[in-house]
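S.K.: just to be clear, the model below is a prediction. Sequence and coordinates:
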Amino acid sequence: MAPAMPPAEKLSESDLVEKISKGGGIPEKFILPKEHRPEVQLTRSSDEIPVIDMAGLDDQRREKTLAQIHKACLEWGFFQVINHGVDETVMEYMKEQVETFLSLPVHERAPGGIRKGVTSQGYGTGYVKPDTGARDWRDYFLLRTYPESMRDYETWPNRQSFRDAISKYTLEMKKLGERLLECLSINLGLSPNYLKEALGELHQDLLINHYPPCPDPSVAIGANKHTDLGGVTCLWQLDDVVGLQVLKDGEWYPVTPAPGAYIINVADMVELASNGIYKSIQHRAVVNPAKRRISIAAFYDLHPDAVVKPAPELVKADRPALPSVRFCDHAMKLAIETDKVGMKVLD
Ligand SMILES: O=C(O)CCC(=O)C(=O)O
Ligand SMILES: [Fe+2]
């Protein structure tokens, strides 16, 4: 559950990535140890990450389209979808509102104060990452959007159009997430509703990532390598700046978004429910020297007390059951790890 926001505090604007990036140099706290520095201009191509036409699910191409999704889940854990059915006017509205949001002064982006802690809602910057000791070169707005009763409006900018866009957009993401879970269930040989029921009540989180230009992208990272915690993630990138990289067979592959596409990935709880048949794959985002990048991730997350276990049909003698997990224990690992290095939003 997202804890309530702490009382408003004085914003240290000078600590926000956005402000820092205007200053030219890269402060020490963002500089990665050499072994963690990303290769920014990868020459290998992302063409192999499949782009799947979801319109095929509704016509004679259904079996073929399901098979493409299955293959992508097995081989990459990632794929792009086009003709995904998300209302284009809602996407445009969301884009316009997010761009307006990012043009607001910091105190309006974070009316209740800068977000504290990894799970609380609101606007803030990245954290120190335990494995690298460095901070991500991004700021972001994290909000819980389903169940609706958990929307913490005090942390949202007080603009009706923005709230309206978020409501409409997240409903579209809920529908897309459910449709994808249905495809994955069928592909795993389970009943169409299996994954939706196994994950339980949707606790959707929306993350608006803003990566300002970075003077030297080879020494910093926008989003450090990680897997997503929940069921499935639908990521929309608002511009054509390439930044997302996906790990496959020990190599990083850049993802060039197809126009209007969503980038979909299997997250940890679907890996578990599938008893490891599908894998939740590590990914990261690199930054750009000249251009900012914006991405919006809709996470199909779970109730904190939801317990996920492998589907019994997928447990076999040569594929023993993975241990069950309570979602909040799994998610807390991130917070605890971060705590170890002194979790601070702005330090
Ligand atoms: O910005 C991106 O491309 C990736 C962001 C991401 O992986 C996340 O927010 O979980
Ligand atoms: Fe992610």
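M.R.: Sure, I can see it. Numbers count the residues shown, from 1 in each chain. Ligands and ions are numbered 1, 2, ... in the order given.

S.K.: pLDDT weak spots in this structure?
M.R.: Scanning the chain for pLDDT under 70 picks out 1-24, 46-47, 116-119, 126-130, 334-347.

S.K.: so which residue is dead centre in it?
M.R.: Ala297 (4.0 Å; Cα atoms, centre = their mean).

S.K.: run through the bridge partners of that residue.
M.R.: Leu207, Leu235 (DSSP bridges).

S.K.: Val307 too?
M.R.: Arg326.

S.K.: which residues in the stretch 151-300 of the chain form helices?
M.R.: Listed in chain order, the helices of the stretch 151-300 of the chain (DSSP state H, counting those that start in this stretch) span 160-187, 194-199, 268-273.

S.K.: winner for burial among the ones you listed?
M.R.: Of those, the one with the most neighbours on average (mean count of other Cβ atoms under 10 Å) is helix 268-273, at a mean of 24. To be clear about C-beta, it is placed using only N, CA and C from the backbone, and glycine gets the same treatment.

S.K.: closest one to ligand 1 among the helices of the stretch 151-300 of the chain?
M.R.: Closest of these to ligand 1 is helix 268-273, at 11.7 Å (criterion: Cβ to the nearest ligand atom).

S.K.: packing partners of the closest one?
M.R.: If contacts are counted by 3 or more Cβ pairs under 8 Å, 6 or more residues apart in numbering; DSSP states H and E, helix 268-273 sits against helix 194-199, strand 307-308, helix 327-340.

S.K.: coming back round to it: nearest to Ala134, out of the helices of the stretch 151-300 of the chain?
M.R.: helix 268-273 (23.6 Å; Cβ to Cβ).

S.K.: tell me how far stretch 298-311 lies from the chain's centre.
M.R.: 15 Å (Cα atoms, centre = their mean, to the nearest Å).

S.K.: with stretch 81-90 instead?
M.R.: The answer for stretch 81-90 is 18 Å, by Cα atoms, centre = their mean.

S.K.: contact partners of it?
M.R.: Stretch 81-90 is contacted from outside by 51-55, 165, 168-169, 172-173, 175-176, 179, 258, 260-262, 264, using Cβ atoms under 8 Å, 6 or more residues apart in numbering.

S.K.: if we can go back for a sec, now render the helices of the stretch 151-300 of the chain as JSON lines, adding distance to Ser218.
M.R.: Shown next, in JSON lines, are the helices of the stretch 151-300 of the chain (distance: least, Cβ to Cβ, whole Å):
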{"stretch": "helix 160-187", "distance to Ser218": "33"}
{"stretch": "helix 194-199", "distance to Ser218": "38"}
{"stretch": "helix 268-273", "distance to Ser218": "29"}
